[in-house]
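Q: When you get a sec, could you give me coordinates for this:
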Amino acid sequence: MQLPDFCIFAVKINSESSTGKKILEQGVVYPLLKGYKVNGKSIIYNEKEASYTPLYTNYAGQHSILNICINAIVGENGSGKSTLVEFMLRLVNNFAASFFGEDKLHPYAERIHYIDNIDGEMYFTINRVPHILKVSGEKVSLAEFEEERRDEGSQTITFRKKTSLYYRNGKSDGGFVNAKYKKWRVRDSKMQEVADHLFYTFVSNYSIYAYNKNDFKDEWDEDGKGCWLDGIFHKNDGYQTPIVLTPYREDGNINVNKEAKLSVERLIALLLRDVGYNNVSNHLEVTGFELKAKEHGYGVKYANEECGTKYNLRGFRAIRNCICEAWQDKYNCNFDISNNHPWQEMAMDYLASKTLKVAMKYGQYTDYFEQLCYVQKWPKEKHRKAIWDLVSVLDRDDSHITTKIRQTLGFLSTGSYKRTILPLKAAVNTTRKLLRSMKEDYKSGMPLMFGKYEDVLPPPFLNVSIKLKEDNGKEIEFDKLSSGEKQQIYSISSILYHLSNIESVHDDKNKKRVAYRRVCVILEEIELYYHPELQRQFIKYLLDGLMQMRFSDIKAISVMIVTHSPFVLSDIPTQNVLPLRNGKPAVRELLSFGANIHDLLDSNFFMEKGSKGLFAEWVIKEVVKALAIYEKGNTERSHDENVFIQNHPKQTLHKLIMTIDEPIVRSLIMKRYHEVFEQLNDDEEIRELEARLNELKSRRNRHVASGETK
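A: Have a look, this model is predicted:
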């Protein structure tokens, strides 16, 4: 019998008073995939009901061994789709807070917040075996099931619950995790064992009204200073706590400009990572990059504006030279390799200004900044010492704070990224070279200029443009794409970027971090900004992107899509779709995979009132009402009816009927019009004949285009 390697197949809320319940029903099992029957301490898998076919795994299997499952949650606005996803996130959040503790895992990481009064459970498979994650107040548990009985006749497998893999009663009670995994100490072997039975959750929702922490006031900490959502946005914790929510929102707001910048940086990072990803859509291939210096400089004016200093030109040059010397001494290198290059001076200016800006901006370094911010002449020995001490502490900081400094050091010390036009292969070779130098320095015990992959990307004082080539060979710049095309590429590349980072944790030879082999990708409102054609393409392009990646440690990916788009749903089998209505699973016959769009709208989106626009429907009803009144004799009409037809003259009605593009509806109403008004004037008859002629021409053109003849 075939079972998915990894999928979330059911969610259940166990208490009427549980936080996050909202419109959902207590005690109801929400089946995200069909075929699983949850029954207390047992789970029965029915292969006939599941009708599981590894569609996506087979497609990706042409180039990889990745297991892929895709399912969907659909329903009207207010049906409970987002509420169900949010409840799942609360369960994972509370497990993370219990497992890792509520303290920061890193000085620059966000803190996870345990949510009070959660009572529910989530069921999922790991390596085809059912598991349960359960939270009840301050009790958190993770348990695995084991196969008890297999009946080939009925095609069922009964699983029985085993001993818990993890159990903890009381948040932040100083359990084994808090004691042995804190501030980047070496992980306990038990932790990785537990993590192997869990998964990482990546959530993407670009709706401007979603995940606003001000809508979750009743779930803030008691002191009113923190919300659990704060802890699961971009966290800078090295992909440890198993959940991240994107895009980042500050007080509920998305910084669009920052997000666009980050999206480009992630895409470039993914392309340069040598993971095989270079086709960003079905018809666009990345050929390389164009590098240009940014228009504004980074000299004394920039430093004074950004850091609040009052350097004169001589003072800044002196400080700059001292800072550059300190960095060269730290890494036993020199900046002469790129000497005489037109970007050399800009790079050194940027290195000095950025070093000062970091010292000014981050509290742990402000003491050094205060010693340097008012230097007007050549630095004295105390200033040189402050610079050297600052560089020494920054060297030990391998967080995002020093990433741009390290990128600039890479340019200055190795001469990387000097070419204005850089083919993709040459760019990948550059990152390989820099990464090799990082490994060599590590082996020899040298200070590490590059501590993570982002450190070897193009330096920040350059604008990097992505060069594309279409199927027909035509070259195009990425910036020239439409906003919808960019959004699709950003969405897919962001998923792949995070997956690549999760994969890279397995390469951490220090074994300081837990590493996940399975990832749940939750995509909400993915149809935002997309023309129906882009919606129709999304799942195929996502699969194509996954196929290009070279995963060796990530074994399975489950994609959960929350959507209103029938075009997206058409790529997902019926048994993988949960339709919701009024907070409950809808009981009705569904149609999805490869189904007609109108059938999808009717069966999965509950459009019993039809798919015509409400205004068009009102106009048609007005026309029908007017015809019914006209049919009455003058003596039979009321005063109000006479006023109504005065506002709907015969000629206007005919024009309105001819405006209707649906031929059957138009034909039926026109037939009624002819019954009421036996005589047509010339203009009306011409309009009808012209409409019929245009329909015949359109039909003929379609036949010609498809190679048919009639």
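
Q: from here on, contacts and neighbour counts on C-alpha atoms
A: Fine.

Q: all helices of the stretch 101-250 of the chain, in order?
A: Listed in chain order, the helices of the stretch 101-250 of the chain (DSSP state H, counting those that start in this stretch) span 176-180, 189-195.

Q: So what touches the longest one?
A: Judged by C-alpha atoms under 8 Å, 6 or more residues apart in numbering, the contacts made with helix 189-195 from elsewhere in the structure are Leu165, Tyr166, Val177, Val514, Ala515, Tyr516.

Q: List only buried entries from those.
A: With neighbours counted using 16 or more other C-alpha atoms under 10 Å, the contacts of helix 189-195 contain these buried positions: Tyr166, Val177, Val514, Ala515, Tyr516.

Q: Make sure the fourth one is indeed in a strand.
A: No - with DSSP: H, G, I helix; E, B strand; the rest coil as the criterion, Ala515 is located in coil rather than a strand.

Q: Make a markdown table out of the buried ones among the contacts of helix 189-195 and add pLDDT and distance to Asp553.
A: Supplementary listing: those in a markdown table, determined by pLDDT from 0 to 100; distance: C-alpha to C-alpha, whole Å:
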| residue | pLDDT | distance to Asp553 |
| --- | --- | --- |
| Tyr166 | 90 | 23 |
| Val177 | 43 | 24 |
| Val514 | 86 | 13 |
| Ala515 | 89 | 9 |
| Tyr516 | 93 | 8 |
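
Q: With distance to Gly297 added, can I get these in JSON lines?
A: Listed next are the buried ones among the contacts of helix 189-195 as JSON lines, based on distance: C-alpha to C-alpha, whole Å:
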{"residue": "Tyr166", "distance to Gly297": "55"}
{"residue": "Val177", "distance to Gly297": "48"}
{"residue": "Val514", "distance to Gly297": "42"}
{"residue": "Ala515", "distance to Gly297": "42"}
{"residue": "Tyr516", "distance to Gly297": "43"}
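
Q: re earlier: can I get the contacts of helix 189-195 in CSV including distance to Arg249?
A: Formatted as CSV, the entries for those read as follows, by distance: C-alpha to C-alpha, whole Å:
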residue, distance to Arg249
Leu165, 34
Tyr166, 32
Val177, 29
Val514, 27
Ala515, 26
Tyr516, 26
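
Q: Closest one to Val505 out of those residues, please.
A: Proximity to Val505 was ranked across the contacts of helix 189-195 by C-alpha to C-alpha; first place goes to Ala515, at 5.8 Å.

Q: what's near enough to touch the closest one?
A: For Ala515, the contacting residues are Gln192, Ala195, Asp196, Gln240, Ile502, Glu503, Val505, His506, by C-alpha under 8 Å, 6+ apart.

Q: quick check, nearest of those residues to Asp640?
A: Ile502 (70.3 Å).

Q: Thought Asp237 was touching the closest one, still the case?
A: No - under the criterion of C-alpha atoms under 8 Å, Ile502 lies out of contact with Asp237, with a separation of 11.6 Å.

Q: ok, those two, which is more surrounded?
A: Between Ile502 and Asp237, Ile502 has the larger neighbour count (other C-alpha atoms under 10 Å), namely 22 against 19.

Q: Phi, psi for the residue lying closest to the more buried one once chain neighbours are set aside please.
A: In this structure, Ile502 finds its nearest non-sequential neighbour in Tyr239, 6.4 Å apart by C-alpha to C-alpha, 6 or more residues apart in numbering. Here is the backbone geometry of Tyr239 (degrees, to the nearest 10): phi 60, psi 50.

Q: and the helices of the stretch 101-250 of the chain, which one's lowest on average pLDDT?
A: Taking the average pLDDT of each of the helices of the stretch 101-250 of the chain, the minimum falls on helix 176-180, with a mean of 40.

Q: what helix or strand does His654 sit in?
A: Using DSSP states H and E, His654 falls within helix 650-659.

Q: That helix: how far from the chain's middle?
A: In terms of C-alpha atoms, centre = their mean, to the nearest Å, the centre of helix 650-659 is set 48 Å apart from its chain centre.

Q: What of stretch 409-424?
A: Mean-position distance between stretch 409-424 and its chain equals 30 Å (C-alpha atoms, centre = their mean).

Q: CA atoms only for it, dumped as CSV, please.
A: Below are the C-alpha coordinates for stretch 409-424, written out as CSV (Å, rounded to 0.1, in the frame of the first residue of the first chain):
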residue,chain,number,x,y,z
LEU,A,409,36.1,42.4,2.4
GLY,A,410,35.7,39.6,-0.2
PHE,A,411,35.8,42.2,-3.0
LEU,A,412,38.8,44.0,-1.6
SER,A,413,40.9,41.0,-0.6
THR,A,414,40.3,38.7,-3.5
GLY,A,415,39.3,41.0,-6.4
SER,A,416,36.0,39.1,-6.8
TYR,A,417,33.1,40.6,-8.8
LYS,A,418,35.3,43.1,-10.8
ARG,A,419,33.6,42.5,-14.1
THR,A,420,30.6,44.6,-15.2
ILE,A,421,29.1,41.7,-17.1
LEU,A,422,29.3,38.4,-15.3
PRO,A,423,28.0,35.2,-16.9
LEU,A,424,26.1,32.9,-14.5
